[in-house]
Structures are given as C-alpha cells and as structure tokens.
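>>> I'd like to go over a predicted model; first the sequence, then the structure.
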Amino acid sequence: MTNPWVAFVLVPMIKIVVILGTVVLATAYMSFFERRLVGFLQIRLGPNRVGWFGVLQPIADALKLFAKEDIVPSRVEKIVYLSGPVLIIVPSLVVFSVIPFGPPTTLFGLLPEPIAPFVTDINISVLFVMGVSSFGIYGIILGGWASNNKFSLMGGLRSAAQLISYEVPMGFAVVAVLLMAGSLSLVDIIEAQRQAHVWFVFPGIVAFFIYFVCGIAETNRNPFDLPEAEAELVGGFHTEYSGMKFAFYFLAEYANMILISSMATVLFFGGWLRPFPSWGWLSFLDVVPPFLWFVAKVAGFLYCYIWFRGTFPRVRFDQLMALGWKVFIPVSLANLMVIGAVIVLLGGGR
Amino acid sequence: MSVRKLLTDVLHLDLLAGLWQTARFSMSRKATVEYPEKRLEPAPRFRGMFGFSEERCTTCRACERACPIKIIHIESHLEDVEVDGKKRRKPVLDRYDIDVKRCMFCGLCEEACPTKPKAVWLTTKTYELATYERDMALYFTKERLQSWEGVVAYEGVVPPAAGQTPEDLGGKGGKE
C-alpha cells in the first residue's frame, strides 16, 4: 500500500461506508428483535408477518416512515426544531469510528496485508466516545424545547437532569478500567486485558454493574425511560416529531444502545478476545473469528437491554435521582479508591 | 439484619426473581391466536350475529315492537294455502330486514320471540362483521339473515321442573 491515495482515502472511505451501513442496519434490526423479544417475554408472538418470520419488518417500517407526511407544527422554533434529529443522530453514529470491532485481519487471506476493521484508533478513544455521545443530549433538549409543547419540554428537561446525573458515576466506572489498563485507547485496553490474562469484569465487577446500569439510564431505556414516559408525557421529547425526523430519534436511541453495549464489551469483557485468553486448553475456541466474539458479547448485552425492558416497571423520577446521586456516585467513588489502592499495593502504578 | 434482607436491600437480588419469571414466560407457549389462519370457537352462549328462520316465524311482530331503536322492519300479507285439504289463511313474510349497523346486540328481539325454538336469535357464533361499506353491507334482508353456515338455534334456558332447586341445574346460589 504505497499509494497514499489508497491508504488514506480509499481504504478509510470503504471502512466508513461498511461500518456505517452495518451500524444502521443493526439498529434497524435491533428494533425488530426488540419487538419480537418483548412479545415473547409477554407471551405474545410479535411481528411475524412481513417476510420469513417477519425479518423484513424493519424494511417495511423504514418505507412507511419515508412515505409519511413531513409535519412541521406551526409556531415551532423552526431551525432548532429541524436540527434536533440531526444533532442526535450524528454523534451517535460518529462514535462508531473508534470502536474496535476486531484485530487487524486479512479477511481469510483475501487482502495482501492485515487491515484493522475499524476506522481509526486514537489515543483518547474513551474520552472521544464519552464526549461525543454526550453531545447527543443537545438533540433531545433542543428538540424538546423547540417543539412548543409542554410534554416535549418536560421530556427534554427530564432527559437533561438524567443525563447529567448518570454521566458522573458512569465516568467514574470507566476511570476504574483506565486505572487497570493504563491507557485511553480502546485497542490498548483490549491488549491490556490480554496481558493481564483476565477480563476487567472480574476485578471490576462493581464498576461493570455501575457502568451498565448508568448506560441504560443514559440511553433513556426502561426502567429509566422517564423522558419518554408515555403514561404522563405522551411521547416525551419526540411528541411533535413524525416521519423521518422521528425515525432519526428512534435510530439514535438504538445506535446508543449498541454503543453502550460495545463499550461495555471493550472495557469489561475483553472486546474481541475469547473467554480466558491465557488458558491454553481453551484454544479450540480460536476457530471462532475474533469479530464474532465481539458481536456475540454485544448481542448478549443488547439481549439484556430488552430483557430488562420486558421485566422492570419504570422508576419514579425522585427514585431515579436518588439512585444516581445517593447510590451510584458514592459507590463508584469508593470502588475507584479501592481499585486504585489495590493497583498501588500490587506495584502496578505506571 | 439477616443475610437475605441484606441481599435484598443492598444488592437488590429480588430483581433477579423478576428476570427469572420473564425468562420462563418467554419460553412458554404463546397466548396469541394467529387470527385469519386460526380462529377461536366462541362459547355456546356467545352473543354474535343474528340468525333467522323464515319457517318458524309467525310474523307476530313481537321482535319489531321489542326493538328499542326500531331497526327491524317487517311486512307481511295473508295468503290462502291448502293444508291437509283444508283452506286456511296464512301469513307470509314479504320483508324481514334488520339494519345491523345500528344494532347494539341487546337481544331483546330474541327474548320477545314467542316461537320455540326462536325464529330470531343472536347465538350464531359469527363475529366477523367488518365491511368496507357501512350502509348496504350491514343492512340484512331475510335471505342474508338465513345464510349463515352452521347456525344453531339457541334452545333457551330450560325452566326448572316442579320441586327442583337451582342447585339441581348446576347453577350458582345455595351452598357451593
């Protein structure tokens, strides 16, 4: 790959198109699997009419949303109203540029030299992911405010309070992993888990639980979906959005779910590593490509997301705030101190 | 504080019971009946669409009078008929229409019908009444009312014989 045009333009472009297409398709099918699985959890069948077992349902949904009339209510703040869906979909897709889906691969010998199956690996990936994904909250707040609707405004306000409350313990939980790995690069974090011979979920079980629960709250999912609590707020911040604008909010929510699951996989479950990467007698598991290990772990987390949605009732807003400020922040801080102390005692401070 | 209470209060392990419950339900048989392919059989006394029998009808117009919103329209004339060699004047139905789109299925027409078995009844087990037009598709003439497949007349509640109590008929009341 001596030609710079190939190395710096063509290959990244192909990667971007492939990853973007995969993520968007995965979000669409995530909605299908959610409807199917929630149906199963409620002893229903879920959508099974469009195509074989309903697999064409997301495509039918997308066509329907494309064909819908584009309604802009009168007396909305038009520029802000129209920028809301853009502000939420762009960050939630951009962050996938640093998620490491697998180690450098030659695609079973198809390529002359190994190519990393992710767009880039920057040395501040974790900060990049947390910063950019937090930016999506602007889409919710501004969309809720600009809709000129009290339900949308209430949803936006709740979402802001929730995001601020849960960003903090989530950050502390991630810092615990950074202490163990000693790097902010996601690829280096996976490498550190290989060198430590253990996934970080075992020393950081508390951090993992805090991270995952905060992740559910960050993505506005059950049982923390207060911003779109249909019982009291109609549709929450997206009450006034319809057609493709609603589809963007919808896609962004599912993309964020996949992002949180991917980050949990990378930070705590060893990314593309097989279980117990140092145990030689488990090496027969290496026949499964690393990419599939990554996908399987992410799918497990997404299953948990839907499972929780089908099981737990929505919490009250004061319970939500109390859980965030009175439980998760102290516990995550204490966990951080314990992990830091253990690392110093073991002489691991770099 | 017992260990169990500690686990419940601090770690919220009781949430696992809920997760276990839903996981079990997701594996169990689904309650959904996939309607156009499979149908549920209504209960024997299900109050469905009208059935009507022209043979049993005596054109007494009791149902027409009983109808609270007057949607049953009856017209008849007398005809000379030869029965067993005797000349008799017998009423013949010209028209027996029910404007079903306004019907509330109260069943008062069935109650009022004096024939036995009833000439008009509501227990045909037919519930597929969706149509694309409102006016004519749900205006049923006597031919349409008699065209249900497999319609069974509702026999009516058997009156208790002398000396019988509701318990003997298996009804409620009295001791369980």
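Ah, there it is. Small disclaimer: the values here were computed from a predicted structure and weren't measured.
>>> domains in chain B, by residue range?
B:1-31, B:50-162 (automatic domain parsing).
>>> mean pLDDT lowest for which of these?
Here the lowest mean pLDDT among the domains of chain B goes to domain B:50-162, at a mean of 76.
>>> mind putting the domains of chain B in a markdown table, distance to residue A:103 and mean neighbour count included?
The way it works is simple: take the backbone N, C-alpha and C, and place the C-beta from them, glycine included. Formatted as a markdown table, the domains of chain B follow (distance: least, CB to CB, whole Å; neighbours: other CB atoms under 10 Å in any protein chain shown):
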| stretch | distance to residue A:103 | mean neighbour count |
| --- | --- | --- |
| domain B:1-31 | 34 | 11 |
| domain B:50-162 | 58 | 14 |
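>>> sketch out the low-pLDDT regions of the stretch 1-150 of chain A for me.
A:1-2, A:109 (pLDDT under 70).
>>> with just CA atoms, put the helix or strand hosting residue B:110 into PDB.
Element membership for residue B:110, per DSSP states H and E: helix B:108-112. Presented in PDB, the C-alpha positions along helix B:108-112 are these (Å, rounded to 0.1, in the frame of the first residue of the first chain):
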ATOM      1  CA  LEU B 108     -84.500  -8.100  23.300                       C
ATOM      2  CA  CYS B 109     -85.900  -9.300  20.000                       C
ATOM      3  CA  GLU B 110     -84.800 -12.800  20.800                       C
ATOM      4  CA  GLU B 111     -86.400 -12.600  24.200                       C
ATOM      5  CA  ALA B 112     -89.600 -11.300  22.700                       C
END
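>>> ok, back up a step: chain A: which of the domains of chain B is closest?
Nearest to chain A, of all the domains of chain B, is domain B:1-31, at 4.2 Å by CB to the nearest CB.
>>> helices of the chain, residue ranges please.
Since you didn't name a chain, this refers to chain A. For chain A, the helices defined by DSSP state H occupy A:4-5, A:11-41, A:57-67, A:78-94, A:125-135, A:137-146, A:150-181, A:186-195, A:205-218, A:230-233, A:243-268, A:290-311, A:317-322, A:329-345.
>>> wrong chain, I was asking about chain B
Along chain B, counting by DSSP H, helices occupy B:3-6, B:14-27, B:62-66, B:108-112, B:142-145.
>>> mind putting those helices in TSV, distance to residue A:207 included?
As requested, these are exported to TSV (distance: least, CB to CB, whole Å):
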stretch	distance to residue A:207
helix B:3-6	21
helix B:14-27	19
helix B:62-66	75
helix B:108-112	70
helix B:142-145	72
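>>> from chain B, how far out is the residue sitting nearest the centre point of chain A?
When CA atoms, centre = their mean is applied to chain A, the residue found nearest the centroid is residue A:259 (2.1 Å). Separation of residue A:259 from chain B (CB to the nearest CB, to the nearest Å): 23 Å.
>>> turn the helices of chain B into TSV, including distance to chain A.
Listed next are these as TSV, based on distance: least, CB to the nearest CB, whole Å:
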stretch	distance to chain A
helix B:3-6	15
helix B:14-27	4
helix B:62-66	42
helix B:108-112	36
helix B:142-145	32
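>>> and chain B, which residues reach chain A?
By CB under 8 Å from any CB of the partner chain, the residues of chain B that approach chain A are B:15, B:18-19, B:21-23, B:25-26, B:28-32, B:34.
>>> so residue A:115 bridges to which residues?
residue A:105 (DSSP bridges).
>>> touching, residue A:211 and residue A:172? I think so.
No - with contact defined as CB atoms under 8 Å, residue A:211 does not count as touching residue A:172 (9.3 Å).
>>> so which of those two has more stuff around it?
Neighbour count, other CB atoms under 10 Å in any protein chain shown: between residue A:211 and residue A:172, residue A:211 has more, with 26 against 22.
>>> middle-most residue in chain B, spatially?
Closest-to-mean residue, chain B, CA atoms, centre = their mean: residue B:47 / 1.4 Å.
>>> could you check the pLDDT of that one?
pLDDT, residue B:47: 77.
>>> and what of residue B:175?
In this model, residue B:175 is scored at 37, pLDDT.
>>> where in the stretch 151-300 of chain A is pLDDT low?
Along the stretch 151-300 of chain A, segments meeting pLDDT under 70 span A:280.
>>> check the gap between residue B:30 and residue A:41 for me.
11 Å (CB to CB, to the nearest Å).
>>> ignore what I typed, I meant residue B:74.
54 Å.
>>> need the contact list for the nearest residue to residue B:79 once chain neighbours are set aside.
Spatial nearest neighbour of residue B:79, chain neighbours left out: residue B:92 (4.8 Å); criterion: CB to CB, 6 or more residues apart in numbering or on different chains. Counting by CB atoms under 8 Å, 6 or more residues apart in numbering or on different chains, residue B:92 touches B:59, B:76, B:77, B:78, B:79.
>>> and for residue A:329?
A:168, A:169, A:172.
>>> which single one of those residues is nearest to residue B:3?
Using CB to CB, residue A:169 is the member of the contacts of residue A:329 that sits closest to residue B:3, with 26.6 Å.
>>> what about the nearest residue to that closest one once chain neighbours are set aside, neighbour count?
Once flanking residues are discounted, residue A:169 sits nearest to residue A:328: 3.7 Å by CB to CB, 6+ apart. Using other CB under 10 Å, residue A:328 has 22 neighbouring residues.
>>> my read is that residue A:328 contacts residue A:166, right?
Yes - here residue A:328 reaches residue A:166: they are 7.3 Å apart, a contact under CB under 8 Å.
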